[in-house]
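# Give me the fold of what follows.
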Amino acid sequence: MGVIWLYFCTFAAVMYKPRFNMKRAVLVFRQFGNKGYSLFACLGREVVCSVLSVATLTYASAESVSTNPVVTDSAAMTTAREMVLEEVSVTGSRAPLTKSQAARMVTVLDRAEIAQAPVHSVNDLLKFAIGVDVRQRGPIGAQTDISIRGGTSEQIIILLNGINICDPQTGHNAMDLPVDLSDIVRIEVIEGPAGRIYGTSSLVGAINIVTRSQETGVRRQEITLHTEGGSYGYANIGGRYSTDSRLPTPDSFHHSLSANYSRSDGWSRSKAGKLNTDFSGTKGFYQGQYEDETMRLNWHLGIADKGWGSSTFWASPKWQADEQYEHTTKWFSAIQGQTKQSPLHLSASLYWNQNRDRYEGYRGQAEKMKYNYNRTDVYGVSAGAYFDWQAGRTAFGAELRNEDLVSGNLGEPLSQTHHIKGTDRDYTLGVNRTNISGYLEHNILLDQVTISAGLVAVKNTWSNMNMTVYPGIDVSYRPTPHWKLHASYNTSLRMPSFTEMYYKLQGYCADPHLKPEEMQAIEIGVNGDWFFAERSGRAERMRNGSRLTVNSALWYHHGSNMIDWIMDTSKGSEAEWQSVNHTAINSIGFEASASIYVPLFTHHYSLFTISYAFIHQDKQQEANLVSQYALEYLRHKLVAKAQVQMTKRLSLGVNLRWQDRVGSYTDFDGMSHDYEPYALIDTRLTWTQTKWKAFLEANNLFDTSYRDYGLVEQPGRWLIASFSISL
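Numbering: from 1, shown residues only. Just a heads-up that it's a prediction; the model follows:
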């Protein structure tokens, strides 16, 4: 089987010249004491893991952490039975680097933080990442736009285990994911252009969702079930099954399967008194892994099927419908593999994603307005390699990605129509484009300095685009083991979505001749930590002291041909949203955060975090013009979190989020309103036993009235109770 896989890697590299999204630098745990609160103490932090107590490892079930010993510290072993582990790589460059080597910062939301946060979807979890802007039209993941550092939802790349799952039709449904929160081991957020790492779409950043895989050295079966209920008729039920099959040889298989169903009546009603913000959906995800001494294979298959009342989500002064509806079905599949022992480390992947979308301008009234049907198929193949030599570590590879859309209202006339399953209509329009990219990266690794430089060359068949090169370089300097200074210059691009190019219905007028967006960015930053010992001595400091971690970054973005939808409000009820290229937008921003974990309540550790982000753009909205995306950004964002371990079993989490958005929106009377700042508090009280867990949660605790998008008022207080059990 290993020979077959090597042949596939070589064939893919020669025939297709694609690339593989190599895993890059990470933060994972490096040191834990022999304490029950050790895992809890790392919540909310970017961490590297290489020293864990054996007891903690067994209890935490830390997926993806290698247990192969590397180095030992005899003093620590004597006092705390600590064991040194390999550092786990997280995405930070094309070639895998440990956190201590990495030249670029990656924010990691780990499994422990995911479990403790008062959230029920990846969308909600990302609200507390300081550089991320989450604008929702519906809660619990019903419909959400995610952006980074003042960008739009179209300008980031979403990855599932390193596979690009972006929908070229539109970025509005990018977060329709097949995975449940229980499937996820960590979420990696890369802020700033990531073109030389992920190619197109990663204009202002990337979000990589990493699911749980085999636990090395463990043979077991596990079943987890959960159920939730709450306000507005909310209900959620789901479960996960996983098994490891370890043969007498070093070969091993791992399989997991999860499924989930959720629904709600919604928090508002239409003028006619009907449901218009309700939602219901199912998701399922299967993941498998095979590993032996020479290679590792991973594969997954997932589905996300969801329908939701879209209220006035896409309404305008010209079209004031308040009973819109949308239904999407998404399929995800991929196989990935890599060699483990050869000097030239080969990697490859093959994937297919399909997205089906039905939009109803008037819910259930096709005779009043024809439904919009779209089907997008995305095929991709990539291959890459890296090797070590005297000058450092070099990586290279390529990717071929084809995006094919057939539609009832987007694209150019098709030479041959396709029937729309379950209807009496055909897909009559469509678009097809192929993106080819190749990358080269070199990493220089010194004792205190890492330099990572490279480029990506991109060619897209759309509009006969020429091959274009986008370079980047990251540098980090470590004056001490606990401090790091970093600086970077990176570039990237993004092709317009099919909706931005062709949508021309009910108050919207798109431009099929939009230019690709381009971005240049500079960033400098520093991060480090301090220990505050209760007693002297290294081991005592680690087990009993407090720890303070700080991070800060200053960045500048220069965007060219930035795409936006704008409206001229002086036209009154005849005003339309038009897609345009802004000539240039310059943005400058600052981010800072501080986290401290301290022993409270008889040495049960608690975590406190505060973060702040500021953004300023030099392009202002012109008189009578309203921007829907590019010029509406969070000027100020403040996040404060407290995770208090009150007893061994009982914990309390309180999260505060304050936001002040630049921009304005137009109501149905054509009047313009500025966005008002707002503050929200979410809280969760959790009781944890060995085999089960229960919590009570309140989102928007003080019932604050607020808007993320102008015409859509968000729900008030939302109460939820949950119970989960592991068998």
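
# The spatially most central residue of the chain and residue 190, how far apart?
By C-alpha atoms, centre = their mean, the chain has its centre lying nearest to residue 207, at 3.2 Å. Distance, residue 207 to residue 190, by C-beta to C-beta, to the nearest Å: 8 Å. From N, CA and C alone the C-beta is placed, and that goes for glycine too.

# Same question for residue 709.
Applying C-beta to C-beta to residue 709 and residue 190 gives a distance of 26 Å.

# higher neighbour count, the two?
residue 190 (28 against 19; other C-beta atoms under 10 Å).

# show me the contacts for that one.
Counting by C-beta atoms under 8 Å, 6 or more residues apart in numbering, residue 190 touches 91, 92, 104, 106, 107, 197, 202, 205, 206, 207, 208.

# cool, and residue 320?
Residues in contact with residue 320 (C-beta under 8 Å, 6+ apart) are 312, 668.

# partners of the one helix or strand residue 615 maps to, with directions?
Using DSSP states H and E, residue 615 sits within strand 604-617. The strands that strand 604-617 pairs with in its sheet are strand 577-600 (antiparallel), strand 634-645 (antiparallel) (by DSSP bridges).

# Let me see the mean pLDDT of it.
Computed over strand 604-617, the mean pLDDT rounds to 93.

# Buried residues in that strand, which are they?
With burial defined by 16 or more other C-beta atoms under 10 Å, the residues of strand 604-617 counted as buried are 604-615, 617.

# Can you add distance to residue 268 and give those back as JSON lines?
Shown next, in JSON lines, are the buried residues of strand 604-617 (distance: C-beta to C-beta, whole Å):
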{"residue": "604", "distance to residue 268": "42"}
{"residue": "605", "distance to residue 268": "42"}
{"residue": "606", "distance to residue 268": "38"}
{"residue": "607", "distance to residue 268": "36"}
{"residue": "608", "distance to residue 268": "36"}
{"residue": "609", "distance to residue 268": "33"}
{"residue": "610", "distance to residue 268": "33"}
{"residue": "611", "distance to residue 268": "31"}
{"residue": "612", "distance to residue 268": "32"}
{"residue": "613", "distance to residue 268": "30"}
{"residue": "614", "distance to residue 268": "33"}
{"residue": "615", "distance to residue 268": "31"}
{"residue": "617", "distance to residue 268": "32"}
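
# Among those residues, list the two that are farthest apart in space.
In terms of C-beta to C-beta, the buried residues of strand 604-617 reach their longest pairwise distance at 604 and 617, which sit 44.3 Å apart.

# Just the ones of the contacts of residue 190 in helices?
Judged by DSSP state H, the contacts of residue 190 include residue 197 as members of helices.

# what residue ranges in this protein are flagged as low confidence?
Scanning the chain for pLDDT under 70 picks out the ranges 1-92, 99, 141, 214-220, 245-251, 533-545, 573, 602-603, 620-624, 630.

# What number of residues are in the vicinity of residue 700?
Using other C-beta under 10 Å, residue 700 has 19 neighbouring residues.

# Can you name the residues that contact it?
680, 681, 682, 714, 715, 716, 717, 718.

# Excluding chain neighbours, what is closest to the fourth one?
Residue nearest to residue 714 in three dimensions, not counting chain neighbours: residue 706, with 5.4 Å by C-beta to C-beta, 6 or more residues apart in numbering.

# likewise the second one?
Ranked by C-beta to C-beta, 6+ apart and with sequence neighbours excluded, the top spatial neighbour of residue 681 is residue 701, at 4.5 Å.

# The one you found: what secondary structure?
Assigned state for residue 701: coil (three-state reduction, DSSP: H, G, I helix; E, B strand; the rest coil).

# tell me the contacts of it?
If you count contacts by C-beta under 8 Å, 6+ apart, residue 701 has them with 680, 681, 682, 683, 717.

# In stretch 576-596, which residues are buried?
Buried residues in stretch 576-596, defined by neighbour count with 16+ other C-beta under 10 Å: 576-577, 579-582, 585, 587, 589, 591-593, 595-596.

# Tell me the one among these nearest to residue 226.
Looking across the buried residues of stretch 576-596 and measuring by C-beta to C-beta, the closest to residue 226 is residue 595, at 28.3 Å.

# Would you agree that closest one is in contact with residue 608?
Yes. Counting by C-beta atoms under 8 Å, residue 595 does reach residue 608; the two are 7.0 Å apart.

# The helix or strand containing residue 355 pairs with which strands?
Assigned by DSSP H and E, residue 355 falls within strand 345-360. Sheet pairing for strand 345-360, assigned by DSSP bridges, gives strand 324-339 (antiparallel), strand 372-389 (antiparallel).

# Hmm, residue 657 and residue 127 touching each other?
Yes. If you go by C-beta under 8 Å, residue 127 and residue 657 touch, sitting 6.1 Å apart.

# If you count surrounding residues, which of the two has more?
residue 127 (22 against 19).

# residue contacts, the more buried one?
The contact partners of residue 127, taken as C-beta under 8 Å, 6+ apart, are 119, 134, 657.

# Then residue 167?
Here residue 167 is in contact with 173, 174, 330, 353, 355, 376, 378 (C-beta under 8 Å, 6+ apart).

# Grab the nearest non-local neighbour of residue 559.
Leaving aside its chain neighbours, residue 559 sits nearest to residue 585 (4.6 Å; criterion: C-beta to C-beta, 6+ apart).

# actually residue 495, not the one I wrote
According to C-beta to C-beta, 6+ apart, the nearest residue to residue 495 is residue 516 (5.3 Å).

# how many neighbours does the one you found have?
20.

# And it, how close does it get to residue 117?
To residue 117, residue 516 is 36 Å away according to C-beta to C-beta.

# got the phi/psi numbers for residue 115?
Main-chain dihedrals, residue 115, degrees, to the nearest 10: phi -70, psi -30.

# That one: how many residues sit nearby?
Residue 115 is flanked by 17 other residues according to other C-beta under 10 Å.

# go on, the one 3 residues further on?
In terms of burial, residue 118 registers 24 neighbours under the definition other C-beta under 10 Å.

# quick one: it is in a helix?
No. With three-state DSSP as the criterion, residue 118 is assigned coil and is not in a helix.

# start the count at 627, not 1, going forward
Sure thing, new numbering starts at 627, so read that last one as residue 744.

# Surely it touches residue 1325?
Yes. The criterion here is C-beta under 8 Å, and residue 744 meets it with residue 1325 at 6.5 Å.

# what do those two both touch?
Shared contacts of residue 744 and residue 1325, defined by C-beta under 8 Å, 6+ apart, are found at residue 1308.

# residue contacts, residue 930?
For residue 930, the contact set (C-beta under 8 Å, 6+ apart) comprises 802, 803, 804, 907, 908, 909, 954, 955, 956, 958.

# ok, so of the residues you listed, who is nearest residue 860?
Nearest to residue 860 among these: residue 907, at 12.4 Å, using C-beta to C-beta.

# what bridges to that closest one?
With DSSP bridges applied, residue 907 shows beta-bridge pairing to residue 888, residue 932.

# can you check residue 921 too?
Judged by DSSP bridges, the bridge partners of residue 921 are residue 965.

# How many neighbouring residues does it have?
For residue 921, the neighbour count with other C-beta under 10 Å is 21.

# what does the one 3 residues further on give?
The tally of other residues near residue 924 (other C-beta under 10 Å) stands at 21.

# Would you agree the residue nearest to residue 1185 is in contact with residue 1242?
No. Applying C-beta under 8 Å as the test, residue 1211 and residue 1242 come out as separate, 11.1 Å apart.

# Now do residue 1342 against residue 1330, distance only.
Taking C-beta to C-beta, one finds residue 1342 at 7 Å from residue 1330.

# got it, and residue 904?
With C-beta to C-beta as the criterion, residue 904 and residue 1330 are 22 Å apart.

# Compare the two and say which is more crowded by neighbours.
More crowded of residue 904 and residue 1330, by other C-beta under 10 Å: residue 904, with 22 against 13.

# can I assume the more buried one is in contact with residue 888?
No. At 11.5 Å, residue 904 does not count as touching residue 888 under the criterion of C-beta under 8 Å.
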